[in-house]
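>>> sequence first, predicted model second:
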Amino acid sequence: MKIFSIAKSRRLRSTPYTSRIEKQGVTAYTSYNHMLLPAAFGSLEDSYYHLKENVQVWDVAGERQVEIIGKDASKLVQLMTCRDLSKSKVGRCYYCPIIDNEGGLINDPVILKLNENRWWISIADSDVILFAKGLAIGNNFDVKIFEPNVNILAIQGPKSYKLMEKIFGKKITEMKFFGFDYFEFVDVKHLIAKSGWSKQGGYEVYVENTKAGLALYDELFEIGKEFNVKPGCPNLIERIESALLSYGNDIDNNDNPLECGLDKYVDLDTDVNFLGKEILKEVKKKGIKKKLMGVIIEAKEINVSKSIDLIDKKNFKIGELRSGVYSPHFKKVIGIAMLDKPYFEVSQTFKISINGNIFEGKVCDLPFI
Ligand code: THG
């Protein structure tokens, strides 16, 4: 595979941590919400093992916040998501599909309820702010919508608890998954959630005060020495094994949340008002025509930069691979694929062409682990 460098510019925004991670050896970037997102610090497999055993600090400032504040803030947030937020609590995070009037996914953010009239939508890679502003204008909602200067630092891995306890005290270890609270470091309070885009445990610090955030960044690496801390980033192997979905890769606006296995976050039997509700009810009644599934492929290597067709014995397309990677755990390629009806069944077999060679594969449930 030929390697290309990334051309930086103002449009592809740097983060407050960019100069730090470049000193620390970032080797690849991707773009996320028009911002640099580190994609590798050397070997993907080394980072994978390190993440599963130690602790990493990630510059995930690209997970931008869309702040919605005002009298109609809750109404607007609910209009955008099919998850029922009527019983939501201040101090909690909610993983919420955002969908349009046709039920198509716009984004799959984490939504934080800051208070009754103030929310942060912690977005994946699509311009939710434009969608939110359009809806607010069209509905004459009394809200302000903007992107606050928040730059998330994720602390991920099994040793994240010990590291964060050393810096913030015992209370931080008592927080529940997807809860958030405020914790002080050198006289500055930071919003910290027990969350993150890995299944290895950890926290996310929503840094609002950049200077204090950089001091915290340095402290994490200083105190973290005894826990073998390293800089890292969302890890393709770990996130596919854990089936953490990536908007734009695994799912996009042509998919609805029921097709993506997000049924848990689709509340059709409540009286809350959201876009696409009637359409999703119809989809549920009639049944989905495609479904996101796991796949295991008898190959040792893959690089997915666009969808790859999955075909049956007669060379008929039955689905498409959307993400894939070699898993050291399974010693095979694993991936996330959209399978057409009626092929989205566990143990369904298929063929796939990777770099001109044909490999056998099998459909399975998500997550892998
Ligand atoms: N953290 C924050 N913002 C984010 C992400 C994040 N924005 C972009 C992207 N990641 C959004 N996508 C996801 C996808 C999955 C999860 C979080 C964000 C996730 N899911 C858990 C799971 O699937 O098991 C738990 C969901 C739940 O139980 O509610 O964590 O990572 N700030």
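Done, it's in. Residues are numbered from 1 along each chain as shown.

>>> from here on, just use CA atoms for contacts and neighbour counts.
Fine.

>>> what ranges do the helices span in the stretch 151-300 of the chain?
160-168, 210-223, 236-241, 277-286 (DSSP state H, counting those that start in this stretch).

>>> could you look over those and pick the most buried one?
helix 236-241 (a mean of 23; mean count of other Cα atoms under 10 Å).

>>> elements contacting that one?
In terms of contacts (3 or more Cα pairs under 8 Å, 6 or more residues apart in numbering; DSSP states H and E), helix 236-241 is packed against helix 44-53, strand 317-327, strand 332-340.

>>> and the second one, which strands flank it?
Read it as strand 317-327. Note on strand 317-327: by DSSP bridges, its sheet partners are strand 308-311 (antiparallel), strand 332-340 (antiparallel).

>>> and of the helices of the stretch 151-300 of the chain, who's closest to the ligand?
Set against the ligand and scored by Cα to the nearest ligand atom, the helices of the stretch 151-300 of the chain come closest in helix 236-241, at 9.3 Å.

>>> show me what contacts the closest residue to Ala337 other than its chain neighbours?
Nearest non-adjacent residue to Ala337, counting by Cα to Cα, 6 or more residues apart in numbering: Leu321, 4.2 Å away. Shown in contact with Leu321 (Cα atoms under 8 Å, 6 or more residues apart in numbering): 307-310, 335-338.

>>> one step back: I'd like the helices and strands packed on helix 236-241 as CSV, with distance to the ligand and mean pLDDT appended.
Output for those, formatted as CSV (distance: least, Cα to the nearest ligand atom, whole Å; pLDDT from 0 to 100):
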stretch, distance to the ligand, mean pLDDT
helix 44-53, 15, 98
strand 317-327, 15, 98
strand 332-340, 14, 98
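
>>> please identify the most buried of these.
Among these, strand 332-340 has the highest mean neighbour count (mean count of other Cα under 10 Å), at a mean of 25.

>>> dump that one to CSV, restricted to CA.
C-alpha atoms of strand 332-340 as CSV (Å, rounded to 0.1, in the frame of the first residue of the first chain):
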residue,chain,number,x,y,z
LYS,A,332,-8.2,-14.1,10.8
VAL,A,333,-9.7,-11.0,9.2
ILE,A,334,-12.8,-9.7,10.9
GLY,A,335,-15.2,-7.0,9.7
ILE,A,336,-18.5,-5.2,9.8
ALA,A,337,-20.7,-5.8,6.8
MET,A,338,-24.2,-4.8,5.6
LEU,A,339,-25.9,-8.0,4.5
ASP,A,340,-29.0,-8.0,2.3
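
>>> list of residues touching it?
Contact partners of strand 332-340, identified using Cα under 8 Å, 6+ apart, comprise 240-241, 243, 250, 289-302, 318-327.

>>> past it, which element shows up next along the chain?
strand 349-354 (DSSP states H and E).

>>> now that following strand against strand 317-327, angle please.
Relative orientation of strand 349-354 versus strand 317-327 (axes from the mean of the first three to the mean of the last three Cα atoms, to 10 degrees): 70 degrees.

>>> what's the next helix-or-strand element following strand 349-354 packed up against?
With elements assigned by DSSP H and E, the helix or strand that comes after strand 349-354 is strand 357-364. Using 3+ Cα pairs under 8 Å, 6+ apart, the elements in contact with strand 357-364 are strand 290-297, strand 349-354.

>>> tabulate the ones you listed (a markdown table), appending mean neighbour count, mean pLDDT and distance to the ligand.
Listed next are those as a markdown table, based on neighbours: other Cα atoms under 10 Å; pLDDT from 0 to 100; distance: least, Cα to the nearest ligand atom, whole Å:
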| stretch | mean neighbour count | mean pLDDT | distance to the ligand |
| --- | --- | --- | --- |
| strand 290-297 | 24 | 98 | 14 |
| strand 349-354 | 19 | 98 | 26 |
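
>>> wait, which of these is closest to Asp72?
strand 290-297 (34.5 Å; Cα to Cα).

>>> around the ligand, pick out the residues from the stretch 101-250 of the chain.
108-110, 122-124, 196-197, 244-245 (Cα under 6 Å from any ligand atom).

>>> try it again with 8 Å
107-110, 121-125, 152, 178, 195-199, 204, 206, 242-247 (Cα under 8 Å from any ligand atom).

>>> residue of the stretch 1-150 of the chain with the smallest distance to the ligand?
For the stretch 1-150 of the chain, Cα to the nearest ligand atom, closest residue to the ligand: Ala124, 3.5 Å.

>>> per-residue pLDDT of that residue, please?
At Ala124, the model reports a pLDDT of 98.

>>> ok, it - contacts?
32-33, 63-64, 107-109, 246-247.

>>> what residues does stretch 236-251 touch?
44-45, 48, 105, 107-108, 124-125, 197-199, 260, 322-327, 334-338, 366-369.

>>> any idea how far it is from the chain center?
On the basis of Cα atoms, centre = their mean, to the nearest Å, stretch 236-251 sits 8 Å off its chain's mean C-alpha point.
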